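S.K.: from the sequence below, what's the structure:
(chains A and B)
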Amino acid sequence: MTYLAKPKFHHPNLPTNELGYTHRDYEGTVSTLCAGCGHDSITGAIIQACFDLSIEPHRVAKISGIGCSSKTPTYFLGNSHGFNSVHGRMPSVLTGANLANRDLIYLGVSGDGDSASIGLGQFAHCLRRGVNMVYIVENNGVYGLTKGQFSATADRGSKSKRGFINTDNSIDLVAMALQLGASFVARSFSGDKQQLVPIIKAAIAHQGAAFIDVISPCVAFNNHAGSTKSFDFVREHNEAVNRLDFMLSRMPIEIKQEPGTVEIVEQHDGSKLALRKLASDYDLHDRGAALSFLQHHAAKGQIVTGLLYVEKEPEDLHGHLRTVQAPLNTLSEKELCPGQVALEAFNASLR
Amino acid sequence: MSTASPISRVNDFVVRFANVNGSGSASANEMFARAVLRMGIPAAPRNIFPSNIQGLPTWYEVRVSEAGHLGARGGTDLMVAMNPQTFDKDIAGIEPGGYLLYDSTKQLPASKFRPDITVIGVPLTAICNREYTDPRQRQLFKNIIYIGVLTVLLDMNAKVVEQLIGEQYKGKERLIEPNIKALHVGRDYATLNLNAIGLRLKKCDKVGNRIFIEGNSAAALGALYGGATVCAWYPITPSSSLADAFTRHCAKFRVDPQTKQARYAIIQAEDELASIGIAIGAGWNGARAFTATSGPGISLMQEFIGLAYFAEIPTVVFDVQRAGPSTGMPTRTQQCDIISCAYASHGDTKHVLLFPEDPAEAFDMGAQAFDLADRLQTPIFVMLDLDIGMNHHLSRPLTWDDERKYDRGKVMTAEELDAGKEFGRYLDVDGDGIPYRTYPGTHPTKGSFFTRGSSRDRYARYTEEGAPYVDNMQRLIRKLETAKDLVPRPLLANAGKPTKYGVIYYGSTSPAMDEAIGMIEARSHSLDRMRIRAFPFHSSVSSFVADHDFVFVVEQNRDGQLRSLIVNECGIDPVRLVPILHYDGTPITARFIAKAIGDHLDKLKVTPLKVAS
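M.R.: A predicted model of the protein is given here:
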């Protein structure tokens, strides 16, 4: 049995958020991933982001596909409903769930095999539809559960633990997300919580399709010399485009002084992103420039991280479909069923 | 030389139109069928069309039957042969003593015709060339002109057709006048040049309050009345018109009158996998959701269907069946997805199937499917086929009981959780195999659970231990037992006198079977009949088989799929079930059934030469 409940007791003086919840209220069961797995750091970042934002845990629906990454929703937000669906199909399940109830927060968790290989189609189509969600890919370039085969995000020329060289081109999900019309696109690194937590918070506040690619080294199968998704490689080649601070509208804007310019970005719900730009010429609202920036740095062997693109006025799928404000799952016979009189008129039109 | 005298019949014959796809014939031919209905005479049209947009042969058949036989009959009494590509074959299909109406603009050698039919030539192309200069008009009005000719040949009142033209082009008034003119061009030619024929339409009052509707439209309206709010689909013949109809019905019935906002969400997905995924995601989150597809889509959805079965998520799949396997014959009808739906997905699975016989039942079951899905927390398949779905049928009117409440099944509320009611997502508290579920977002601290396709215990906790797995699989079987009494019961019709023989049939076979019974009785045989309306089978199916020496199982597939299901699920000796199978892609006919069953029964009547002592 791999299910392990966490003990409920905790230190009586743990800090609480606005709702009176402690950090522990956002946890799930004990992780069954390998010790040191990058995915557990992402789990920690999600917990931190939800705690900081004082989100009611049960108002989040966490949906995943299949793989190591897709196991992680059991390890956070234990009071949320979760759905570990089928391989590569998280996006469609999440889309349906979102259509049924627009009032919840949808957190889609996927991996590189799940999203870039078997589920590339669904990845693409849910982004182009603008489903209001946070779509996190925990990207380690490798199939962990089946013992170390390359995934489609593995870089060409990178070496597997067994010594094979990958000869296929890699898929850059961030570039694809930009091209497909995601209204919030970011990349981060599981080893950089300072960058990752604010990005997740900003993505949750974003009312549209938010995509985050998180490079997350696999300690078992992809953390060796020759891998381009190892902790050492990513730390050495990480080119952070910006550092993000996220705050709700009611919070004062305080930014730790660091070199570079600061840009305040207001999101649709009034929340604000404060960007400490490391690359001072970087324009956050230029999709085309973001793409060429990515490719320019990729050619130099650099992995660009940070918030790469955000649309100022995003529109989501419910906006496109002009659905009612009330969640569809709350509508009753009264709103849904036209009744016998209407049916008689319908019959009459068919005689 | 003629071997048959001309057929002479009133309100009982088959007219078949042979056309070229994309030539605008469909609406003219449909108008003819509607005109027959307006005269109070029951009629059953069938569109036999190719998987093609323009150029291939297409046929439209109208069976006129004052007696009310609405199944396909087979054979043609009056052929309207407008397609040179199929001319020879079309002529060969005319019943002895039948009639041929053709375009005589170009002289054809006598060898092109048969001596035992009456040939009626109308120089349609010449008339059109004389009347119209625009090539498109020449083509379109040719169709209306031959309808005009038919109205004279068959003694129809022109006013009925004129009225239909008015209704058809409501909102496009400028088209009414030229169409009516074309109708009279045809009528005038026929009145001046043609003799009366033996086929005649006579006004009667046998249509009653019945409606004329396609099964796909009725099923979609059933989904709407049943409370479906999410529809995800991928275009595939013959199911696309179901999603199209749902879109149309929603625009009419589901828009908030004040805000103009939609009380529905329809997604044309990227493929069938996404379609079923969206439906399952919505069902998990408490909305009533469905997808519409056909056989190839069912194949693609297998993995997801297994998830919905094992994780127990309500969803509805409308399968409008077409001839398989593979691409098969996309525009031809069959009942060939019975096994692939009943046992869809890997591992041990069984699913609930509903078998509507016509549009009215497609409406009823289309709505009921959502109650069943919520009650049983499992996928429900509504098994239509191309014949029901894409043809207009004369059908009883659709009805709805305004007192009816949706059965949302066992859903635990925040109040119940607060009151301390025990929640285990897969806990069988009532002994019916059906556990309680909660909708996501219900309660801050109670009632959340993790849904997964992997094995879990009664409290939804992941496990790979054998005992909880078996416990769960056994409960799923208990749930299916519960389903047997919730799904529509089989309908029985006993022969007038005691008989050792029975027949089981389902779905679109109904009208042909109803008609065949009379033909079989005319051969001095009697049969008890059972129309199966759902799977899993009600206990009455086993007893029906047990009560008879032999039971014929009439199906529209090669392998006797429902028969296999009966053998497998009811533990019946296959010898007792005689398959009667029609699977060439055309709708099954009464003639076929009566002959196949009649021949069998004739053989059984043979008296043994010697009785062993």
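
S.K.: spatially central residue in chain A, please.
M.R.: Centroid-nearest residue in chain A, with C-alpha atoms, centre = their mean: A:I136, separated by 2.3 Å.

S.K.: pull the number of nearby residues for residue 23.
M.R.: I went with chain A, as the question did not name one. Neighbours of A:H23 under the rule other C-beta atoms under 10 Å in any protein chain shown: 17. Backbone N, C-alpha and C define where each C-beta goes, glycine included.

S.K.: actually chain B
M.R.: Using other C-beta under 10 Å, B:S23 has 17 other residues around it.

S.K.: burial of the residue nearest to it when sequence neighbours are not counted, as a residue count?
M.R.: Of all residues not flanking B:S23 in the chain, B:Q139 sits nearest, at 5.9 Å (C-beta to C-beta, 6 or more residues apart in numbering or on different chains). B:Q139 has 17 neighbouring residues, counting by other C-beta under 10 Å.

S.K.: and B:D528, its phi and psi?
M.R.: Phi and psi for B:D528, reported as degrees, to the nearest 10, are phi -80, psi 150.

S.K.: brain fart, B:I147
M.R.: phi -60, psi -40.

S.K.: ok, now B:T125?
M.R.: Main-chain torsions, B:T125, degrees, to the nearest 10: phi -60, psi -40.

S.K.: and it, how far from B:Q137?
M.R.: According to C-beta to C-beta, to the nearest Å, B:T125 and B:Q137 sit 13 Å apart.

S.K.: which residues are in contact with the residue nearest to B:S23?
M.R.: Residues near B:Q139 by C-beta atoms under 8 Å, 6 or more residues apart in numbering or on different chains: B:23-24, B:128.

S.K.: what of B:K142?
M.R.: With C-beta under 8 Å, 6+ apart, B:K142 has these contacts: B:82, B:103, B:124-125, B:128.

S.K.: if we use 6 Å, what do you get?
M.R.: Neighbouring residues of B:K142 by C-beta atoms under 6 Å, 6 or more residues apart in numbering or on different chains: B:124, B:128.

S.K.: can you give me the neighbour number for B:G208?
M.R.: 12.

S.K.: now do the SS call for it.
M.R.: With DSSP: H, G, I helix; E, B strand; the rest coil as the basis, B:G208 sits in coil.

S.K.: and the gap between it and A:D25?
M.R.: For B:G208, the distance to A:D25 - C-beta to C-beta - is 65 Å.

S.K.: need the contact partners of the longest helix seen in chain A.
M.R.: The longest helix of chain A (DSSP state H) is helix A:38-52. For helix A:38-52, contacts defined as C-beta under 6 Å, 6+ apart pick out A:17, A:23, A:26, A:31, A:33, A:69, A:72, A:75-76, A:138, A:190, A:193, A:196-197, A:200-201, A:214, A:216-217.

S.K.: please convert the buried members of those residues into ChimeraX selection syntax.
M.R.: The buried residues among the contacts of helix A:38-52 can be selected in ChimeraX (16 or more other C-beta atoms under 10 Å in any protein chain shown) with this line:
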select /A:17,23,26,31,33,69,72,75,76,138,190,196,197,200,201,214,216,217
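
S.K.: taking the contacts of helix A:38-52 one by one, which sit in helices?
M.R.: Of the contacts of helix A:38-52, the ones assigned to helices by DSSP H are A:69, A:193, A:196-197, A:200-201.

S.K.: could I get the phi/psi values of the residue of the stretch 301-450 of chain B found nearest chain A?
M.R.: Residue nearest to chain A within the stretch 301-450 of chain B: B:P440 (3.5 Å; C-beta to the nearest C-beta). Main-chain torsions, B:P440, degrees, to the nearest 10: phi -50, psi 140.

S.K.: and the residue nearest to B:S23, which of the three is it?
M.R.: Looking at B:Q139 with three-state DSSP, the answer is helix.

S.K.: over to B:A35?
M.R.: Put simply, B:A35 is helix when judged by three-state DSSP.

S.K.: with just CA atoms, put stretch A:91-108 into PDB.
M.R.: In PDB, the C-alpha atoms belonging to stretch A:91-108 read as follows (Å, rounded to 0.1, in the frame of the first residue of the first chain):
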ATOM      1  CA  PRO A  91      -6.600  18.900 -20.600                       C
ATOM      2  CA  SER A  92      -9.900  17.500 -21.800                       C
ATOM      3  CA  VAL A  93     -11.000  16.400 -18.400                       C
ATOM      4  CA  LEU A  94     -10.100  19.800 -17.000                       C
ATOM      5  CA  THR A  95     -11.900  21.500 -19.800                       C
ATOM      6  CA  GLY A  96     -15.100  19.500 -19.100                       C
ATOM      7  CA  ALA A  97     -14.800  20.200 -15.300                       C
ATOM      8  CA  ASN A  98     -14.300  23.900 -16.000                       C
ATOM      9  CA  LEU A  99     -17.300  24.000 -18.200                       C
ATOM     10  CA  ALA A 100     -19.400  22.400 -15.500                       C
ATOM     11  CA  ASN A 101     -18.400  24.900 -12.800                       C
ATOM     12  CA  ARG A 102     -16.700  28.100 -13.700                       C
ATOM     13  CA  ASP A 103     -16.400  29.100 -10.000                       C
ATOM     14  CA  LEU A 104     -13.600  26.700  -9.000                       C
ATOM     15  CA  ILE A 105      -9.900  27.200  -9.500                       C
ATOM     16  CA  TYR A 106      -8.500  24.500 -11.900                       C
ATOM     17  CA  LEU A 107      -5.000  23.300 -11.400                       C
ATOM     18  CA  GLY A 108      -3.900  20.900 -14.200                       C
END
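
S.K.: can you pull the buried residues of that stretch?
M.R.: Buried residues in stretch A:91-108, counted by 16+ other C-beta under 10 Å: A:91-102, A:104-108.

S.K.: tell me which stretches of chain A form helices.
M.R.: For chain A, the helices defined by DSSP H cover A:38-52, A:68-71, A:90-100, A:112, A:120-129, A:173-180, A:193-205, A:231-237, A:287-299, A:317-321, A:333-336, A:339-348.

S.K.: tell me the most buried of those?
M.R.: Neighbour counts (mean count of other C-beta atoms under 10 Å in any protein chain shown) averaged over each of the helices of chain A peak at helix A:90-100, with a mean of 32.
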